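[1] Test case, fold it:
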Amino acid sequence: MLRRTKIVATLGPATDSLETLIDMMRAGLDVARLNASHGTVEDRRRRLALVREAAQRADRCVGVLLDLGGPKIRIEGFRDGRVLLAEGAVFTLDTELDPKAGTVDHVGVAYKNLPRDVVVGDRLLLADGQIVLDVERVGATTIGTRVRVGGELSDRKGLNRQGGGFSAPAVSERDREDIQFAAEVGVDYLAVSFVRQAADIEEARSLLRAAGGEARIVAKIERHEAVENLAGIIEASDVVMVARGDLGVEMGYAELTGLQKTIIHETRTHNRVVITATQMMESMVQNPAPTRAEVSDVANAVMDGTDAVMLSAETATGRYPVKAVEAMAEVIGGAEKYQLTHTRHRQLIIEGQFEGTEEAIAMAVMHTANHMKVRAIVALTESGATPLWMSRIRSDIPVYAFTRHESTRRRVTLYRGVYPVIFDVTSPDSMHELYRALFKRLLELQLVKKRDLVILTKGELSGVQGGTNSMMILKVALD
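    Here you go, the predicted structure:
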């Protein structure tokens with residue numbers, strides 16, 4: 001059985017070898033993530049070139065996701081790189097302090113509007129909530145706090161306000177430069193950080209389209225406000241990312257698992273793609289194997305129906321980037337083998353009206369496929385829309401997106417249970433030749449055997465986007 005849930009892995013210093021990237025792709029990497037929070041545009045350009053060369057050498061279709069840095073809500077640096085904050089100590093956040101002048105008494109803050117966004121009594125959290133500060137005084141450029149939960153604090157750690165409420169816009173000036181870069185190089189997905197409302201997604205999409213980019217937009221759910229506006233954000237987005245780091249800090253870790261399941265369910269219900277991210281195999285930054293708790297975490301996300309799971313520091317800076325991908329693929333395979341929610345031979349319940357012909361055909365295909373001994377589903381597609389609709393219904397039957405467009409092939413690498421195949425639908429001159437070419441391609445790739453049943457979806461006019469309007473049940477033969 002093919003692995004249905006996809007793997008997103010973050011690039012960084014640990015993946016800057018072409019050989020490492022090739023090995024990661026052969027181990028199961030589906031989408032490479034470029035994190036704009038670190039490094040320069042030239043770093044991202046160099047890594048993108050490496051990804052594309054590695055994909056060609058590995059003979060793999062690999063998508064690319066550029067993750068915008070968002071507003072810099074972080075502390076600055078310390079003179080000695082790190083300090084140890086004691087419980088009960090006074091600690092000052094200073095927006096005017098030199099970025100490298102931090103001590104055990106104070107540290108600079110990159111977010112200049114912080115004093116306007118907090119009041120006495122607020123609770124601030126640093127380093128994914130490991131350090132907790134109570135606000136006791138707010139000045140024009142400084143915030144006086146008392147350490148509630150201490151510990152080691154190092155440079156450039158993230159800063160959150162418990163309960164959310166920072167006024168920083170989702171799209172920063174630096175993000176605008178990265179959006180231009182995304183359009184220039186043709187990335188497949190663009191992730192927007194610290195989204196609060198649907199308008200943040202619309203702004204990013206508008207900027208990207210104005211720059212000539214066609215990437216699909218990913219909404220990172222990591223703010224308290226995003227949870228309150230979840231339905232609108234999902235509707236405005238193409239993909240939703242459960243960004244569990246900042247989300248857990250702002251909402252509280254006790255709610256995180258329930259929120260994750262809710263976001264996955266709501267996203268799939270709205271026929272959007274969902275990625276589950278952050279610290280999925282964090283121990284593999286230093287260790288060659290995941291913990292049992294991490295295995296359960298990944299497996300539960302898979303069983304909940306996530307389209308993809310994501311590796312961050314595990315591959316970007318970890319000691320075992322290839323092993324992390326291998327471990328993720330192995331855990332996904334195990335979870336899918338025992339998944340309790342397969343729909344084959346079950347009633348498919350559809351609520352509401354179909355949005356159009358493509359959705360209607362896709363739902364008819366999946367209902368049929370789940371009640372017949374069908375080996376594969378073949379979707380002749382220009383944009384990848386029909387395979388996306390199909391992937392919203394749980395099934396163990398693979399969906400092959402046959403397309404002539406490289407951008408579409410890369411896009412579907414993120415869709416659960418969908419696999420790209422190079423095929424020019426405009427080449428065959430007749431239906432008989434089309435079927436023969438399809439069967440030949442399927443047999444060459446060893447995706448089916450002769451006499452297997454497959455379901456084919458196509459449009460009346462070959463090569464026309466949005467034209468899928470028919471399905472056929474065919475028996476594989478070259479006669």
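[2] Now do whichever strand or helix holds Met366: which elements does it pack against?
    Per DSSP states H and E: Met366 is located in helix 357-369. Here helix 357-369 touches strand 374-380, helix 385-391, strand 453-459, strand 468-475, going by 3 or more CB pairs under 8 Å, 6 or more residues apart in numbering; DSSP states H and E. C-beta: built from backbone N, CA, C; applies to glycine.
[3] which of the ones you listed is buried the deepest?
    Most buried of those, by mean neighbour count (mean count of other CB atoms under 10 Å): helix 385-391, with a mean of 26.
[4] Contacts for it, please.
    Contact partners of helix 385-391, identified using CB atoms under 8 Å, 6 or more residues apart in numbering, comprise 271, 273, 307, 358-359, 361-363, 365-366, 377, 379, 381, 399, 401, 412, 415-418, 457, 466, 468.
[5] hey, C-alpha coordinates of it in CSV?
    Output of helix 385-391 as CSV, limited to C-alpha atoms (Å, rounded to 0.1, in the frame of the first residue of the first chain):
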residue,chain,number,x,y,z
ALA,A,385,-8.8,20.5,-8.6
THR,A,386,-10.5,17.1,-9.2
PRO,A,387,-7.8,15.1,-7.4
LEU,A,388,-8.1,17.5,-4.5
TRP,A,389,-11.9,16.9,-4.2
MET,A,390,-11.2,13.1,-4.3
SER,A,391,-8.6,13.3,-1.6
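[6] Just give me how far it sits from the chain centre.
    17 Å (CA atoms, centre = their mean, to the nearest Å).
[7] Show me what the residue sitting nearest the centre point of the chain bridges to in the sheet.
    Computing the C-alpha centroid of the chain and ranking residues by CA atoms, centre = their mean puts Ile275 first, at 4.1 Å. Per DSSP bridges, the residues bridged to Ile275 are Met241, Ala308.
[8] host element of Leu133?
    Judged by DSSP H and E, Leu133 forms part of strand 131-138.
[9] Which elements pack onto that strand?
    Judged by 3+ CB pairs under 8 Å, 6+ apart, strand 131-138 is in contact with strand 123-126, strand 142-149.
[10] Tell me which residues of it come out buried.
    Buried residues in strand 131-138, defined by neighbour count with 16 or more other CB atoms under 10 Å: Ile131, Val132, Leu133, Val135, Val138.
[11] could I get these as a markdown table with pLDDT and distance to Gly164?
    A markdown table is the format used below for those (pLDDT from 0 to 100; distance: CB to CB, whole Å):
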| residue | pLDDT | distance to Gly164 |
| --- | --- | --- |
| Ile131 | 96 | 18 |
| Val132 | 96 | 16 |
| Leu133 | 97 | 16 |
| Val135 | 98 | 15 |
| Val138 | 98 | 18 |
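[12] which among those gets closest to Thr426?
    Checking the buried residues of strand 131-138 against Thr426 by CB to CB gives Ile131 as the nearest, at 59.1 Å.
[13] Please verify my assumption that that closest one contacts Leu125.
    Yes. With contact defined as CB atoms under 8 Å, Ile131 and Leu125 form a contacting pair (7.0 Å).
[14] got the buried residues for the helix or strand that contains Phe439?
    Element membership for Phe439, per DSSP H and E: helix 431-444. For helix 431-444, burial by neighbour count (16+ other CB under 10 Å) applies to Leu434, Tyr435, Ala437, Leu438, Phe439, Arg441, Leu442, Leu443.
[15] Turn those into CSV, columns for distance to Ile179 and pLDDT.
    Shown next, in CSV, are those (distance: CB to CB, whole Å; pLDDT from 0 to 100):
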residue, distance to Ile179, pLDDT
Leu434, 40, 92
Tyr435, 43, 92
Ala437, 39, 94
Leu438, 39, 95
Phe439, 43, 95
Arg441, 37, 95
Leu442, 39, 96
Leu443, 43, 96
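[16] still on that earlier bit, out of the helices and strands packed on strand 131-138, flag the one nearest Gln162.
    Closest among those, using CB to CB: strand 123-126, at 4.3 Å.
[17] If you count contacts, what does the closest one end up packed against?
    strand 131-138, strand 142-149, strand 159-161.
[18] Go through the ones you listed and find the least confident stretch.
    If the helices and strands packed on strand 123-126 are sorted by mean pLDDT, strand 159-161 sits at the bottom with a mean of 92.
[19] Near Thr257, how many residues? Count them for me, please.
    Using other CB atoms under 10 Å, Thr257 has 14 neighbouring residues.
[20] So what's the residue count around Ile422?
    When neighbours are counted by other CB under 10 Å, Ile422 registers 13.
[21] Skip the chain neighbours and tell me the closest residue to it.
    In space, and not counting its chain neighbours, Ile422 is closest to Arg409: 6.9 Å by CB to CB, 6 or more residues apart in numbering.
[22] how much does the strand holding Leu133 deviate in direction from strand 142-149?
    140 degrees (axes from the mean of the first three to the mean of the last three CA atoms, to 10 degrees).
[23] Centre of the chain to strand 131-138, how far?
    That offset, for strand 131-138, works out to 33 Å (CA atoms, centre = their mean).
[24] swap in stretch 427-441?
    Stretch 427-441 has its average C-alpha position 35 Å from the chain's average C-alpha position, going by CA atoms, centre = their mean.
[25] on that earlier part again, hey, which of the helices and strands packed on strand 131-138 is tucked in deepest?
    strand 123-126 (a mean of 21).
[26] how far is that one from where the chain is centred?
    Here the centre of strand 123-126 is set off from its chain's centre by 26 Å, with CA atoms, centre = their mean.
[27] Taking the buried residues of strand 131-138, tell me the two that lie furthest apart.
    The most widely separated members of these are Ile131 and Val138, with 18.7 Å between them, by CB to CB.
[28] Which parts of the protein belong to which domain?
    By the assignment in automatic domain parsing, the chain contains the domains 6-70+169-337, 82-161, 357-475.
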